[in-house]
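K.L.:
With the sequence up front, the predicted model follows.
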Amino acid sequence: GSSVTNAFTPANDGTFVFGTSGGTQTYNAGLTTTSVGSTVTLNGTIATSNDAVVLGAITLGSATTVDTNATDNGADITVAALTGGSNNLTLSTGDNISGADITASGAISGLGNLTLADVGGTATFSANVAVAALSADSTAANITFTGSTNTFSAASTLANDGTLTFGNSTDDSFTFNGGLTTSSVGGTVTLNTNISSSDDALTFGAITLGNNVTIDTNATDGTGDITIAAVTGGSNSLTLTTENNIANAAITASGAIAGVTTLTLANVGGTATLSADVDVTTLVVGNTVANVVFSGNGSSVVNAIAF
């Protein structure tokens, strides 16, 4: 229940431990820890009353919430590298507070669950991320991940009401080892790189391709399905693959697929069902694909296709 009225900027050259598990500390004019010389450890809830929290590298000592209770765009959260210690982290600025952003510039490793709670602006993660489950509901606006290696070890569900972007280069990788669901995201979902899982379902709503993209569930049984709605290709290629000879590892595309240069159905042990219009330049279906249903009314393929 501790509180500090004025802005607090510690600069000691040793360690600093904030809070205790389950406790709350409030910094009513903001908190900046970037000048602390050694390890900064957070515990419990670190809160402000519409004031920025600026953290350097931090370590979690227990489950932690950082909440700026934003009422305007000045109450951002900024954090560098984060060592999770298998603890959960919740980040919150304010629902529907435009410009109340979260910026994580350093690598996030060893984290339990990462929850993006109330985020009125954009939550940006620009370095590598290794967490258990990733979640956000409709009180979060925009979310962007641009690190080169990103691994999520538990089922992740995103339902933010703004945009969602994975990657900014085809060299980036995103692995969702418990599966991923983005079908309730309110804005544009942009894929700029490959998305994979380890025999876990990948369920998308409408997506936009920002680069050439492969979606691969690496299925070992019938649970590693791919489900996707409309695809806006942006003149990029899309490869969909579950795994060869894995019965019932299916692909279901229920929405229109347009603007894709080459659509490749690679290794599909179940049935690939494309039930809306498919307008692509090239369609590739190899002999590692089991069954295909192509039922859109008005589909077009520019180049010759051989099944």
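P.N.:
Nice, I can see it.
K.L.:
from here on, contacts and neighbour counts on C-alpha atoms
P.N.:
Will do.
K.L.:
for the stretch 51-200 of the chain, which spans come out with low pLDDT?
P.N.:
The stretch 51-200 of the chain contains no residues with pLDDT under 70.
K.L.:
If I look at the closest residue to G1 other than its chain neighbours, what pLDDT would I see?
P.N.:
Spatial nearest neighbour of G1, excluding adjacent residues (Cα to Cα, 6 or more residues apart in numbering): T24 at 5.1 Å. Per-residue confidence (pLDDT) for T24: 98.
K.L.:
got it, and the one 10 residues further on?
P.N.:
Here, the pLDDT recorded for T34 equals 98.
K.L.:
Please name the residues that touch it.
P.N.:
Residues in contact with T34 (Cα atoms under 8 Å, 6 or more residues apart in numbering) are 11, 54-57.
K.L.:
can you rerun that using 10 Å?
P.N.:
T34 sits next to 9-11, 40, 54-58, 79-80 when contact means Cα atoms under 10 Å, 6 or more residues apart in numbering.
K.L.:
what does S35 give?
P.N.:
Applying Cα under 10 Å, 6+ apart, the residues contacting S35 are 9-13, 55-56.
K.L.:
do the same with I195
P.N.:
150, 166-167, 172-176, 180, 202, 213-217.
K.L.:
and the gap between it and V268?
P.N.:
Going from I195 to V268 by Cα to Cα, to the nearest Å gives 16 Å.
K.L.:
Specify the local secondary structure of G270.
P.N.:
Reducing the assignment at G270 to three states with DSSP: H, G, I helix; E, B strand; the rest coil gives strand.
K.L.:
Apart from its chain neighbours, what residue comes closest to it?
P.N.:
Distances taken as Cα to Cα, 6+ apart put N248 closest to G270, at 4.0 Å, once the chain neighbours are dropped.
K.L.:
neighbours around that neighbour, how many?
P.N.:
21 (other Cα atoms under 10 Å).
K.L.:
And for S3?
P.N.:
When neighbours are defined as other Cα under 10 Å, S3 has 13 of them.
K.L.:
Hmm, it is touching L31, no?
P.N.:
No - using Cα atoms under 10 Å, S3 makes no contact with L31, being 11.4 Å away.
K.L.:
Overlap in contacts, the two.
P.N.:
Counting by Cα under 10 Å, 6+ apart, the residues touching both S3 and L31 are 46-48.
K.L.:
Redo these as TSV? Include secondary structure.
P.N.:
As requested, the shared contacts of S3 and L31 are arranged in TSV below (three-state DSSP):
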residue	secondary structure
I46	strand
A47	strand
T48	coil
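K.L.:
circling back to that earlier point, host element of the residue nearest to G270?
P.N.:
For N248, there is no host helix or strand (DSSP states H and E).
K.L.:
Distance check, it against G224.
P.N.:
Remark: distance between N248 and G224 (Cα to Cα) = 9 Å.
K.L.:
okay, and the common contacts of those two?
P.N.:
Residues touching both N248 and G224 (Cα under 10 Å, 6+ apart) are T242.
K.L.:
Apart from its neighbours in sequence, what residue is nearest V185?
P.N.:
Distances taken as Cα to Cα, 6+ apart put A159 closest to V185, at 4.3 Å, once the chain neighbours are dropped.
K.L.:
Contact partners for the one you found?
P.N.:
A159 makes contact with 135-141, 181-187, according to Cα under 10 Å, 6+ apart.
K.L.:
Let me see the backbone angles for it.
P.N.:
Main-chain dihedrals, A159, degrees, to the nearest 10: phi -140, psi 30.
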